[in-house]
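>>> Structural data only, the sequence is not supplied:
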């Protein structure tokens with residue numbers, strides 16, 4: 001269903017491209033902070049995840065509101081958009097925390113392995129939620 005909408009909507013295609021660039025960059029930045037804190041520095045992976053989230057959430061709002069989702073939805077309720085963005089990002093944080101907990105803590109695997117779902121799954125969940133609720137109509 002999403003693929004049909006992508007091919008029909010020029011605006012959605014542009015958003016996906018902008019989100020892939022900006023969201024990809026933010027995800028790599030988040031991942032680098034997490035990895036540096038968890039692997040070479042040796043901080044508990046769940047704490048490293050918290051640090052990465054805290055560093056990137058504000059930057060993410062600026063980038064996504066001004067570029068990724070530019071021209072989409074209403075902009076007359078900035079406080080509402082900011083709060084919803086925070087809730088969506090907290091959902092992404094919870095999802096990333098689940099990956100970190102399940103893979104690095106529960107299964108005691110390498111703290112680098114949660115980066116796979118953090119990079120390839122969470123951003124698309126966040127895209128959908130941000131497009132639908134944060135920057136939607």
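Received it, and whenever you're ready, just let me know what you need. None of the values given here were measured: they were computed from a predicted structure.
>>> Spatially central residue in the protein, please.
Nearest to the centroid of the C-alpha atoms of the chain, with distances taken as C-alpha atoms, centre = their mean, sits residue 123, at 4.4 Å.
>>> All the helices of this protein, residue numbers only.
Remark: helices assigned in the chain by DSSP state H are 2-8, 10-38, 45-63, 78-100, 115-120, 122-129.
>>> Would you format those as TSV with distance to residue 136 and mean pLDDT included?
No exception for glycine: its C-beta is placed from N, CA and C like everyone else's. Converted to TSV, those look like this (distance: least, C-beta to C-beta, whole Å; pLDDT from 0 to 100):
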stretch	distance to residue 136	mean pLDDT
helix 2-8	14	56
helix 10-38	11	90
helix 45-63	15	92
helix 78-100	9	90
helix 115-120	24	96
helix 122-129	10	90
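>>> Ok, which of the ones you listed comes nearest residue 70?
Among the helices of the chain, the nearest to residue 70 by C-beta to C-beta is helix 10-38 (7.5 Å).
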